[in-house]
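Asks: Need the 3D shape of this:
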Amino acid sequence: MRTPHASTAPGRGRAVGTPEPYDFRRPTKLSREHARALQVVSETFARQWGTQMSSILRDGVVEPGPVSQTTYGKWVAGLPAPSLLATVATGEIGDLVLHVPQELAMVWVDRLLGGRGEAEQPSRPATQLESQLLRGLLDRVVAELPYAFAPLGSVTARVGALETNPQFAQVVGSAEAMVVIEFVVTVAEVTATASLAAPFDALQPLLDPAGDERAVVRTNPAAQQGLAEVPMTVGARMRGVAMASEDVLALAVGDVVRLGHGADHPLLLVAGERAFARAVPADRRNRLACIVVDPRKDLP
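Replies: Sure, this is the predicted structure:
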């Protein structure tokens, strides 16, 4: 029986067929759950981005695109030059890179200067003055990222350096795994695909904040604050009484129904069919009211 000789791939020190360690608790590939979570981030950011475009440029639609994974080197190699690349500094997930095609960036400049944003735009890097105009717009756009990432966790974001050559926007190593979120941006007559790239390893704590624990309850701070301000109807309920259906149908004006609620028994405060406190009847400024006497969480 012949023993096969182990061969080594060029540039690698591991023989072909040798098992490679893999930690299932910290996967290096984007799972379906991760992709769905980032798709929610993408949809929220696209909606907020479009709102900013409409208010600043008087026109603009942003639609969320696919979420994919690649290496930083492959992503940069596929970007044309010149392009508008903005480094987005965050303290929580490292540096992100926002890419905007050059033709779209020049349309932005045209609209900011009062133009119509026609499709024919110069294919050149932005001047210093144009870069300042673009930075002001990107500041407003990037400011929406914390709101978009809120379902996953707290993230701060600010625009760092602006580059026109993708090769100069080196925030991580070429072999680093990146998550790329695409956006289809339309302004005036121009439609182009922008993208936001984030290091996968930096996103991992947000996507799996509990480590080994798979069942995680994530609270959206913005949603929690919004729910705290939602109006609710609160009522005071007495004990009811059981009656036959024929007796209910026979009720007429002036009939008296004796309830099963004692005069000294407290009322139940109810919101959404759930009792949350006990109260006694009262009045305040010629209006019926009740005084909370026993707020409890174990009420029926």
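
Asks: Who is residue 192 paired with across the strands?
Replies: Residue 192 has these beta-bridge partners by DSSP bridges: residue 185.

Asks: right, and it touches residue 106 too?
Replies: No - the pair residue 192 / residue 106 is not scored as a contact, 10.7 Å apart, by CB atoms under 8 Å. Every C-beta, even on glycine, is put in place using the N, C-alpha and C of the backbone.

Asks: Mind checking which of those two has more residues around it?
Replies: For residue 192 versus residue 106, the count of surrounding residues by other CB atoms under 10 Å is larger for residue 106: 24 against 16.

Asks: residue contacts, that one?
Replies: 121-122, 126, 130 (CB atoms under 8 Å, 6 or more residues apart in numbering).

Asks: What residues sit buried inside the helix or strand that contains it?
Replies: Assigned by DSSP states H and E, residue 106 belongs to helix 102-112. For helix 102-112, a neighbour-count test (16 or more other CB atoms under 10 Å) marks 102-112 as buried.

Asks: so after that helix, what's the next helix or strand?
Replies: helix 128-142.

Asks: can you pull out the strands in this protein?
Replies: 61-71, 83-89, 95-101, 158-163, 177-187, 190-199, 234-237, 267-271, 274-284, 287-295 (DSSP state E).

Asks: May I have the last one as CSV, with CA atoms only?
Replies: Meaning strand 287-295. Extracted C-alpha coordinates of strand 287-295, given in CSV (Å, rounded to 0.1, in the frame of the first residue of the first chain):
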residue,chain,number,x,y,z
ARG,A,287,-63.4,64.4,38.6
LEU,A,288,-63.5,60.8,39.6
ALA,A,289,-60.1,59.5,40.5
CYS,A,290,-58.3,56.8,42.4
ILE,A,291,-55.4,56.6,44.8
VAL,A,292,-52.8,53.9,44.2
VAL,A,293,-52.4,51.9,47.5
ASP,A,294,-50.5,48.8,46.4
PRO,A,295,-48.4,48.6,43.2
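
Asks: Sheet partners, orientation included, of that strand?
Replies: Going by DSSP bridges, the partners of strand 287-295 are strand 274-284 (antiparallel).

Asks: Direction-wise, compare the strand it pairs with with strand 267-271 and give the angle.
Replies: Comparing the axes of strand 274-284 and strand 267-271 via axes from the mean of the first three to the mean of the last three CA atoms, to 10 degrees yields an angle of 120 degrees.

Asks: buried set for strand 274-284?
Replies: Applying 16+ other CB under 10 Å to strand 274-284 flags 277-279 as buried.

Asks: Tell me how many other residues surround residue 155.
Replies: Every residue meeting other CB under 10 Å relative to residue 155 is counted, giving 18.

Asks: Was I right to think it contacts residue 96?
Replies: No - between residue 155 and residue 96 there is no contact, the gap being 9.6 Å when judged by CB under 8 Å.

Asks: okay, and the common contacts of those two?
Replies: 90, 145.

Asks: and the contacts of residue 106, which are buried?
Replies: Buried, going by 16+ other CB under 10 Å: 121, 126, 130, out of those.
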